[in-house]
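Peer 1: Pasting the sequence and the predicted coordinates here, then a few questions.
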Amino acid sequence: MAQLLLRGGRVMDPASGLDETADVLVEDGRVASIATRSNERARGLAADASVVDCEGKFVVPGLIDPHVHLREPGAEHKETIASGAAAAVRGGFTAVCCMPNTSPAIDLPSTVEFVQMRAAMTGLARVHVAGAATVGRHGEQLAPMGAMAGVGAVAFTDDGDCIAAAGTMGKVLAVCASLGKAFMQHCQDPTLTVGGVMNAGVTSARLGLGGWPAVAEEVIIERDVRLNRAHRCRYHVQHLSSAGSVDIVRRARAAGEPVSAEASPHHLLLTEESCTHTNTNAKVNPPLRTDADIRAIVEGIVDGTIDVLATDHAPHSASEKAVDFAAAPFGLIGLECALPLYAKALVERGAIGWERLIALLTIGPARLLGIDEAGFGQLRVDGPADITVIDPHATWTIDAQAFESRSRNCPFDGWQVRGRATDVLVGGRWVLRSGNLAARTLPSGEMVAHGL
Ligand code: DOR
Ligand code: ZN
């Protein structure tokens, strides 16, 4: 494969602490060298090497989103593995981890392999699979997690639903610990959210909509942290939404418990005030909360309590969302606009710098998914050339109609944002080049990568 030189960008690799102007040489799908600017010929740059000018841009490890819903199998009208992978690449993500709440649920090795096969056929972003922890995600009988891990499931979760029974939860934690895989909990005590559709408080009362209290999330985290002391599984809190949850995770980590947590763009930028009877794109599980919760989540990111960011990209069709708030499905999409939204919530507010933001989007999720040892989430010589080039100054308007996703349920539609992935390499192959997606749609309707 010909050489490719990404020249003169600000190269950031939080895993190694590198943050300086450098040239990254890619060869045979791997990072061949990372060098501060010097004589290219001396480093063996071939005459036919292609050189890409990255001045003024960031060159970072490919972004990883550990929490997306790709809807295939079962709801391909909302998203497919191909359209979701295309959306990922457009957003600067070289890898995602998809949730098992499909139809059927991803609770068997053969279903894990089906998703992997579809992703490989598409050839855009890498798609890792989180297997269901219980059969059918019913929270009762354990799914064959060992067999799923055997074919490459990277983590386990019943996301969309919580494992509510403590007895089942204990067994799941024990199995995940023995497999060395993270368990990712959707923290929601279902007995506390009956009839709930938005945050419980004055706004829900004013709108006459059922309230969903923060304590429904917090009691599950407290319980699980305590249950996990006997197992020491890597326990991960998905889409953390409340100040109380930040507090519990902070204390657990200070006590040395193997606990991590993720925050999502919507829980950093929107509050319950966005909920109205008609704005169903603001309906999400867990619900949008308050300014005080946002401040606490930002603090949790600043002090290291939260070390992973995730979109919880959850596509739904326009017709399903075109109903009253109470009846609409929970979920919103985020893959294609997450990067500038994180920047708006965290960097533009002065809470953290770009280098830390990149850490939360690369090595943080890679460690969670256990793919860091294979070199993902970092830029290291001989590691896979999964690389994202970002123009931090690009100002643009989010236009959901232009998304690669098959769905449009994005509450950020029309927002002015800054920062965009312009170029993306997966395994040394261009999947996004100067803002153009390296994909075409086959007569079957499927999308596949083509070379750029
Ligand atoms: O809002 C949500 N939507 N939260 C979840 O946990 C599941 C997701 C979905 O699958 O639609
Ligand atoms: Zn969830």
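Peer 2: Right, received. Where do you want to start? This structure is a prediction, so every number in the text was calculated from the model and none was measured. Ligands and ions are numbered 1, 2, ... in the order given.

Peer 1: is it fair to say residue 115 lies in a helix?
Peer 2: Yes: assessed by DSSP: H, G, I helix; E, B strand; the rest coil, residue 115 belongs to a helix.

Peer 1: Apart from its neighbours in sequence, what residue is nearest it?
Peer 2: residue 129 (5.1 Å; C-beta to C-beta, 6 or more residues apart in numbering). Yep, even glycine has a C-beta here, placed from its N, CA and C like the rest.

Peer 1: Over to that neighbour. Which of the three states is it?
Peer 2: Residue 129 - assigned by three-state DSSP - is strand.

Peer 1: Quick one: name the residues of the chain near ligand 2.
Peer 2: Counting by C-beta under 5 Å from the ion, the residues of the chain close to ligand 2 are 159, 186.

Peer 1: Geometric centre of the chain: which residue is closest?
Peer 2: Most central residue of the chain, judged by C-alpha distance to the mean C-alpha position with C-alpha atoms, centre = their mean, is residue 65 at 2.3 Å.

Peer 1: Who are the contact partners of it?
Peer 2: With contacts defined as C-beta atoms under 8 Å, 6 or more residues apart in numbering, residue 65 is in contact with 88, 91, 93, 95-97, 310-311, 313, 335, 338, 361, 365.

Peer 1: The closest residue to ligand 2 within the chain: neighbour count?
Peer 2: At 3.7 Å from ligand 2, residue 186 is the closest residue in the chain, using C-beta to the ion. Residue 186 sits with 23 neighbouring residues when counted by other C-beta atoms under 10 Å.

Peer 1: That one against residue 238, yeah?
Peer 2: Yes: between residue 186 and residue 238 there is a contact at 5.3 Å, judged by C-beta atoms under 8 Å.

Peer 1: I'd like to know how many residues surround residue 255.
Peer 2: As a burial measure, the neighbour count of residue 255 was computed by other C-beta under 10 Å and equals 10.

Peer 1: Equivalent analysis for residue 172, please.
Peer 2: 27.

Peer 1: and what of residue 145?
Peer 2: Residue crowding around residue 145 was assessed by other C-beta under 10 Å; the count is 24.

Peer 1: can you tell me how far the residue nearest to residue 115 sits from ligand 1?
Peer 2: Using C-beta to the nearest ligand atom, to the nearest Å, one obtains 15 Å as the distance from residue 129 to ligand 1.

Peer 1: repeat for residue 319
Peer 2: Spatial separation of residue 319 from ligand 1 under the definition C-beta to the nearest ligand atom is 15 Å.

Peer 1: just use 298 as the starting number from now, easier for me
Peer 2: Let's use 298 as the start, then, which means that last one is residue 616.

Peer 1: what about that residue, distance to residue 705?
Peer 2: As for residue 616, its distance to residue 705 is 11 Å (criterion: C-beta to C-beta, to the nearest Å).

Peer 1: the more surrounded of these two?
Peer 2: Set side by side, residue 616 and residue 705 show more neighbours around residue 705, with 18 against 8, by other C-beta under 10 Å.

Peer 1: what residues are up against that one?
Peer 2: Contacts of residue 705 (C-beta under 8 Å, 6+ apart): 615, 630, 697-698.

Peer 1: Tell me the predicted confidence for residue 740.
Peer 2: Note for residue 740: predicted pLDDT of 74.

Peer 1: Kindly report the same for residue 749.
Peer 2: Among the per-residue scores, residue 749 holds a pLDDT of 61.

Peer 1: Please apply the same query to residue 333.
Peer 2: Residue 333 carries a pLDDT score of 82 in this model.

Peer 1: Residue 319 is in contact with that one, correct?
Peer 2: Yes: here residue 333 reaches residue 319: they are 5.1 Å apart, a contact under C-beta under 8 Å.

Peer 1: before we move on, the earlier item: which strand residues bridge the residue nearest to the centre of the chain?
Peer 2: Per DSSP bridges, the residues bridged to residue 362 are residue 393.

Peer 1: May I see the buried residues of stretch 364-378?
Peer 2: 364-370, 372-373, 375-378 (16 or more other C-beta atoms under 10 Å).

Peer 1: Looks to me like residue 548 is in a strand.
Peer 2: No: in this structure, residue 548 is helix, not part of a strand, as judged by three-state DSSP.

Peer 1: how many other residues sit next to it?
Peer 2: Residue 548 has 14 neighbouring residues, counting by other C-beta under 10 Å.

Peer 1: how close does it get to residue 509?
Peer 2: The span separating residue 548 from residue 509 equals 24 Å under the rule C-beta to C-beta.

Peer 1: again with residue 437
Peer 2: Distance, residue 437 to residue 509, using C-beta to C-beta: 24 Å.

Peer 1: Equivalent analysis for residue 628, please.
Peer 2: 14 Å.

Peer 1: So between those two, which is more surrounded?
Peer 2: The residue with more neighbours, out of residue 628 and residue 509, is residue 509; 27 against 23, by other C-beta under 10 Å.

Peer 1: which non-adjacent residue is nearest the more buried one?
Peer 2: Spatial nearest neighbour of residue 509, chain neighbours left out: residue 493 (3.1 Å); criterion: C-beta to C-beta, 6+ apart.

Peer 1: Do you have the helices of the stretch 348-497 of the chain handy? List them.
Peer 2: Per DSSP state H, counting those that start in this stretch, the stretch 348-497 of the chain has helices spanning 378-387, 406-419, 442-447, 463-476. These are given in chain order.
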